[in-house]
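In: I'd like to go over a predicted model; first the sequence, then the structure.
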Amino acid sequence: MLNGNRPWTLLGVMLCLIALAVIWFPNAQTLFSHMREQRSLPTPTVEFVNGTRVNVEIADTAAERVQGLSFHEPLLENEGMLFLFETKEIQGFWMKDMLFPIDIIWIDGDTVVGFQQDAPLEDPVHTIYYSPVPVDRVLEVQAGFVAQNGVQVGDVLDVELGDK
């Protein structure tokens, strides 16, 4: 059975779709432009003297520093978390709620001042690892990273924070 009003119904639907496209299109351009800008923002990285580049998550608020890598999925080979502090102080880190062992690299400015290799998963004593001197940055990476990349005290790093 044919509906005599079908061409008008179809025309009405098409006009509504065109109207929605006209309204949405300027917003879509803004949305896609914003998405392109986000993709083009540099990823925060730390580059070591041997050329190894680590993509880092930034922890620069109290809440982010407390959370750290607790309950985090294991890091990939060139991933890490960079903790940023407003002032240089002796920093203490522990392995509470960690799911994988890590290396902790103590950084003063852009210079490695020490590290803790292969910090094991949380122990019953809750060992706290302290920086050897006051630092304003700490980098946590996959266990074994320090040894595999020949990281040494005194190495100067290239830290690119980009936009968090």
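Out: Good, I have the coordinates.
In: Can you say which helix or strand has the residue nearest the centre of the chain in it?
Out: Nearest to the mean C-alpha position of the chain, counting by Cα atoms, centre = their mean, stands residue 57 at 2.0 Å. Assessed by DSSP states H and E, residue 57 sits inside strand 53-59.
In: what do you get for residue 64?
Out: Going by DSSP H and E, residue 64 is in helix 62-67.
In: What are the buried residues along that helix?
Out: Buried residues in helix 62-67, counted by 16 or more other Cβ atoms under 10 Å: residue 65. All C-beta atoms are positioned from the backbone trio N, CA, C, and that covers glycine.
In: and what of stretch 117-129?
Out: 119, 129.
In: Can you get me the start-to-end distance on that stretch?
Out: End-to-end distance of stretch 117-129 (Cα to Cα, to the nearest Å): 10 Å.
In: likewise stretch 51-63?
Out: This stretch, stretch 51-63, spans 32 Å end to end (Cα to Cα).
In: Tell me which other helices or strands the helix holding residue 64 touches.
Out: The elements that helix 62-67 packs onto, with contact taken as 3 or more Cβ pairs under 8 Å, 6 or more residues apart in numbering; DSSP states H and E, are strand 53-59.
In: strand partners of the strand it packs on, parallel vs antiparallel please.
Out: Using DSSP bridges, strand 53-59 pairs in its sheet with strand 45-47 (antiparallel), strand 79-89 (parallel).
In: so which of those strands comes closest to residue 158?
Out: Residue 158 lies closest to strand 45-47 among those, at 4.1 Å (Cβ to Cβ).
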